[in-house]
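Q: predicted model and sequence below, questions to follow.
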Amino acid sequence: MSRARQPPLVTGISPKEGAAWTKVTIRGENLGTGPADLIGLSICGHNCLLTAEWMSASKIVCRVGPAKDDKGEIIVTTKSGGLGTSTVSFKLIRPERIGILDQSAVWVDEMNYYDMRTDRNKGISPLSLRPSNPLGIEIDKGKIPQKDMELTFPGMSGDFTSENFSATLYLIENHAGSSFEQLKMAASNLKKQATKKNEGSLAYVKGGLSTFFEAQDALSAIHQRLESDGTEKVEGSMTQRLENILNRASDTADTLFQEVLGRKDKADSTRNALNVLQRFKFLFNLPLNIERNIQKGDYDVVINDYEKAKSLFGNTEVPVFKKVYAEVETRIGALRSLLLEKLLQTPSTLHDQKRYIRYLSDLHAPGDPAWQCIYAQHKWILQLMQNCRDEFISGQRVGAGALDLEGDTRPSALGRLSHTASLKRGGSLRTPRPSTWRFETPQQVQFVEKLSDVVIGQLPNFWKLWISYVNGSLFSETGEKSGQVEKSKKNARQRQNDFKKMIEELTNRLVKLVRGALLPTTLPQGELSLYGGWENKTELTGAWLTQVIHTVRGCHEALSALEIPNDLLQVIQDLLLELRVHCLMVTLLHTTEDVKRLAEKEDWVVDNEGITSLPSQFEQCMVQMLQSLKEPLEIKPGEINVLQLDQVQDQAAELSVSIMKVFINCLHQLSTKTDRDMDTSHNISVDLSSPDRFSGIQEGFSPTSEQRLLIILSNCQYLERHTFLNLADHFEKHGFTGTEKITRVSMDAVRDLDRKLFDAYIERRADPIAGSLEPGIYAGYFDWRDCQTPTGVRNYLKEALVNIITVHAEVFTVSKDLVPRVLSKIVESVADEMCRLMQCVSSFSKNGALQARLELCSLRDAVATYLNADSNSSFKLALDALPQLHSGADKKLLEELLNKFKSSMQLQLTCFQPSCVQPVKR
């Protein structure tokens, strides 16, 4: 297993401060092994993963989002290293906003301007400069449906410039998620703004207060003077003189400005005449200008000129104007057709689609251009998906670069998928792939990846176009276009079911195409011709199916991120479930084939415990299989555990048991190989007379059939005691159920094989030894009734012991743990044969009985370490069949002869002593 990687560490960022959407370069250590390894990136608490571009393990480029925190750390998260840390921070600079009541150094000129679209003079209303957020707190819009809002507040508006403004509606629309503390802060902000406004009016009055007082003082002085002399009604008085002076001043002013005012009236008349002439010139030149601007692509200018002409001459009764205006309408009709053609042309970007829809809306095109565009995009995506399948089936798809969308220069939407990582998840028993492995990627895998690219590349824009159509953002939210927005929303509500069917058709087409390539048996017979046709392609292994599952999951996650309803994506979840089950079954079946080939890798080299590498290779193969199933068995959000399905549980358990039985069968086949099947270049002699031949089993030798039996017996014991128990733990860790059944059946099978192999070995080794006893006893016409006084143990018994020692050496060379089991059975067979021979003797002479007792006791004492109940019983029955020794001389002679035998055979019999059992030095 590979060592875990260190967590990411960010040590630098450039620049260190900036506004939202500033492009920054992040540097550090352990920032991931590739784009697919980077799973998280936050700056000042804002998720920036969407804009992140992984450059290397020490460099990432991204854009800073509109974070809530003004200053914060840069945190990188990777699959290999987990959550990282940062030694630097980034400062977010926020742009300064000026409210409606704030003082500003900017002068707003509220002069009149001429609207070329409507031919009306308008003044800039101070309300048009209203603040976007009058409460001064963060806008937190809720998710209350617009339809419910209209029912609750009929005829009311959340726009505070509207006559039907409702404060409650405004708060629900813009601050439904705001806390009570934030609303209290908003109330405080409103009070401050009102206070500033009142202070501004009072300052104006204070500034002119001295002038008011001077005027008041002057008028008061005049009034007092007139009252004091009492001449306000006398001819020639001061009052009369003042009135005369004012009248003369007025007449003089009229005389001075009469000429100026006359010139102004004349200039106004001239200006109006020029304006009229300019209007006529504009109309006559308009058809040619429309044609020129269309060729340039200046559709905004054309629409602006058309709106101006329509407002001036749309209802004219002048024949010449009517004729020219009719030609203008003809050119505009051709422009509508051109824009509609461009709108329905594929491929096209979302920006162009929205632009053409706005143009057609401004030109009052008939029908619903936005819905026509949605319908055309739907058909085009379906055709792209079908063409993808057809090109693979027809064989045109050769390399990984084929079938790119025309004009689409974007990188692959699933480029983050690492083919190398997918291969590593597969079993290492496969041969390593060459450097050109990408061109060996199965056609089905390439097809699913390209199909996912098509869906991920096109469906998001298709969905965003629909969202824009639903919320009316295809049109401006101001002035005369508010009616178009409401009309668009109304049309969208009427066509919701139609669009839902479109999404269902796209997801169903995606699922059926993938099923046709990977799960053709799940398709109805009538759809195989349309979506199938992959019969001649290579059958996928579990590793490739894992990569397909990864690709389909990526596609599902991308579509879920668009907030497409889950019920529309359920078919993809169902497909993923079947793919995961299929991958599980295929992996188990392929593992069965891999296990069958393990027999070819047996080198017969044993370690100090008598085990070859075969059990370890089998365990490694099973562990790698389970590791390769980690991703298919992983439970993503919205998915279910496939191992909790009853049918899958049963099938997985049966296949797992089958794998175990296949391996046990491999061991059985290895045990039945003849010597002719083995390489005899380093063969060990089958002559068992010399134990020195078994000093050790070295690499490169070819064992005899009996040695193979012992080696496989040792492997069987290891499987039963270690391997199967370890595999049971691995099965449980990976969520497999029925582990007890798998272990129980495997144990029974390996025990059955062990019993058969053990019986076969005992038969080969014990029968020759036991069979040599009778000829050895009666060699030279020996007769128990007529024999001489014993002088020692005869040679036949010594040869039997040597043969038992040879078996001991053979077994000990392979596995010392097998020695007691094998030797006990050999001794049991020899003891049984000796008992039979003794019981078959009709009578013994005195010397014969002494000789027989000597040989039985010598044999029994020599192999005492390996006596069991059966062999002890056999020796007892054999001794009971002999006449008893009554004289002390016979007993003494028997003891002397036994000691003589043990002394002469001491070296040979040493191997039977338990203290002498030592590991074989390799």
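A: Done, it's in. All values reported here derive from a predicted model rather than from experimental measurement.

Q: excluding chain neighbours, give the residue nearest to Leu823 in space.
A: Tyr866 (4.1 Å; Cβ to Cβ, 6 or more residues apart in numbering). Where you see a C-beta, it was placed from the backbone N, CA and C, and this is true even at glycine.

Q: pLDDT score assigned to that neighbour?
A: Tyr866 is assigned 88 on the pLDDT scale.

Q: got a list of what it touches?
A: Neighbouring residues of Tyr866 by Cβ atoms under 8 Å, 6 or more residues apart in numbering: 820, 823-824, 826-827, 912.

Q: any of those buried? List them.
A: Buried residues within those, defined by neighbour count using 16 or more other Cβ atoms under 10 Å: 823-824, 826-827, 912.

Q: show me the strands in the chain, by range?
A: For the chain, the strands defined by DSSP state E occupy 9-14, 17-18, 23-29, 38-43, 46-47, 53-56, 59-63, 71-78, 82-83, 85-86, 89-92, 112-115, 120-123.

Q: distance to Asp298, mean pLDDT and mean neighbour count added to those strands, as CSV?
A: Formatted as CSV, the strands of the chain follow (distance: least, Cβ to Cβ, whole Å; pLDDT from 0 to 100; neighbours: other Cβ atoms under 10 Å):
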stretch, distance to Asp298, mean pLDDT, mean neighbour count
strand 9-14, 41, 93, 17
strand 17-18, 36, 90, 15
strand 23-29, 32, 93, 18
strand 38-43, 41, 92, 21
strand 46-47, 39, 88, 14
strand 53-56, 36, 90, 14
strand 59-63, 32, 93, 18
strand 71-78, 45, 91, 20
strand 82-83, 53, 91, 13
strand 85-86, 50, 92, 18
strand 89-92, 39, 90, 19
strand 112-115, 19, 40, 11
strand 120-123, 23, 40, 10
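
Q: for Asp368, find the nearest of the ones you listed.
A: Asp368 sits nearest to strand 112-115 of all the strands of the chain, at 28.0 Å, using Cβ to Cβ.

Q: I'd like to know how many residues surround Ser529.
A: 9 (other Cβ atoms under 10 Å).

Q: from Val320, how far off is it?
A: Here the criterion is Cβ to Cβ, to the nearest Å. By it, Ser529 lies 66 Å from Val320.

Q: any stretches of the stretch 751-900 of the chain with poor pLDDT?
A: Counting by pLDDT under 70, the stretch 751-900 of the chain shows no low-confidence range.

Q: and what of the stretch 151-300 of the chain?
A: For the stretch 151-300 of the chain, the ranges with pLDDT under 70 are 160-161, 163, 196-210, 227, 229-238, 273, 276-279.

Q: can you pull out the helices in it?
A: Remark: helices assigned in the stretch 151-300 of the chain by DSSP state H, counting those that start in this stretch are 167-175, 180-207, 209-229, 238-296, 299-313.

Q: turn these into TSV, columns for distance to His668 and mean neighbour count.
A: Shown next, in TSV, are these (distance: least, Cβ to Cβ, whole Å; neighbours: other Cβ atoms under 10 Å):
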stretch	distance to His668	mean neighbour count
helix 167-175	78	16
helix 180-207	78	11
helix 209-229	117	10
helix 238-296	85	12
helix 299-313	82	19
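
Q: I'd like to know which of those helices is closest to Val648.
A: helix 167-175 (49.5 Å).

Q: how about Lys512: what's its closest non-neighbour residue?
A: Tyr531 (4.7 Å).

Q: so what's the one you found up against?
A: Going by Cβ under 8 Å, 6+ apart, Tyr531 touches 389, 512-513, 515-516, 523.

Q: list only buried entries from these.
A: Among those, the ones that count as buried by 16+ other Cβ under 10 Å are 389, 512-513, 515-516, 523.

Q: separation between the nearest residue to Glu740 once chain neighbours are set aside and Phe736?
A: Leaving aside its sequence neighbours, Glu740 sits nearest to Ala728 (Cβ to Cβ, 6+ apart; 7.9 Å). Using Cβ to Cβ, Ala728 is found at 9 Å from Phe736.

Q: who touches both of these two?
A: Common neighbours of Ala728 and Phe736, using Cβ under 8 Å, 6+ apart, are Ile742.

Q: what is the burial count for Pro134?
A: For Pro134, using other Cβ under 10 Å, the count is 17.

Q: also the one 5 residues further on?
A: Residues contacting Ile139 under the criterion other Cβ under 10 Å number 13.

Q: cool, Lys143 as well?
A: Counted with other Cβ under 10 Å, residues neighbouring Lys143 total 6.

Q: roughly how far apart are the closest residue to Arg860 other than its chain neighbours and Arg63?
A: In space, and not counting its chain neighbours, Arg860 is closest to Phe875: 4.8 Å by Cβ to Cβ, 6+ apart. Separation of Phe875 from Arg63 (Cβ to Cβ) stands at 92 Å.

Q: what of Asn304?
A: 35 Å.

Q: kindly report the same for Leu859.
A: Applying Cβ to Cβ, the value for Leu859 to Arg63 is 92 Å.

Q: Asn899 now?
A: Distance, Asn899 to Arg63, using Cβ to Cβ: 99 Å.

Q: need the contact list for Ala309.
A: 282-283, 286, 325, 328.

Q: now swap in Asp767 and tell me
A: Counting by Cβ under 8 Å, 6+ apart, Asp767 touches Ser829.

Q: again, only this time at 10 Å
A: Applying Cβ atoms under 10 Å, 6 or more residues apart in numbering, we find Asp767 in contact with 829, 833.

Q: ok, now Asn461?
A: 347-351, 353, 377, 381.

Q: so which of those residues are in helices?
A: 350-351, 353, 377, 381 (DSSP state H).

Q: name the member of those residues with the most neighbours.
A: The residue in the ones in helices among the contacts of Asn461 with the most neighbours, by other Cβ under 10 Å, is Gln353 (26 neighbours).

Q: from memory that one sits against Ala370, does it?
A: Yes: shown here, Gln353 and Ala370 form a contact pair, counting by Cβ atoms under 10 Å, at 8.6 Å.

Q: between the two, what contacts are shared?
A: 343, 465, 468, 474.

Q: buried subset of those residues as a PyMOL selection?
A: This is the PyMOL syntax for the buried subset of the shared contacts of Gln353 and Ala370, where burial follows 16+ other Cβ under 10 Å:
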select buried, resi 343+465+468+474
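
Q: from the shared contacts of Gln353 and Ala370, which is closest to Leu719?
A: Taking the shared contacts of Gln353 and Ala370 together and measuring to Leu719 by Cβ to Cβ, the closest member is Leu465, at 62.4 Å.

Q: Pro369 is in contact with the closest one, correct?
A: No: with contact defined as Cβ under 10 Å, Leu465 does not reach Pro369; the gap is 11.6 Å.
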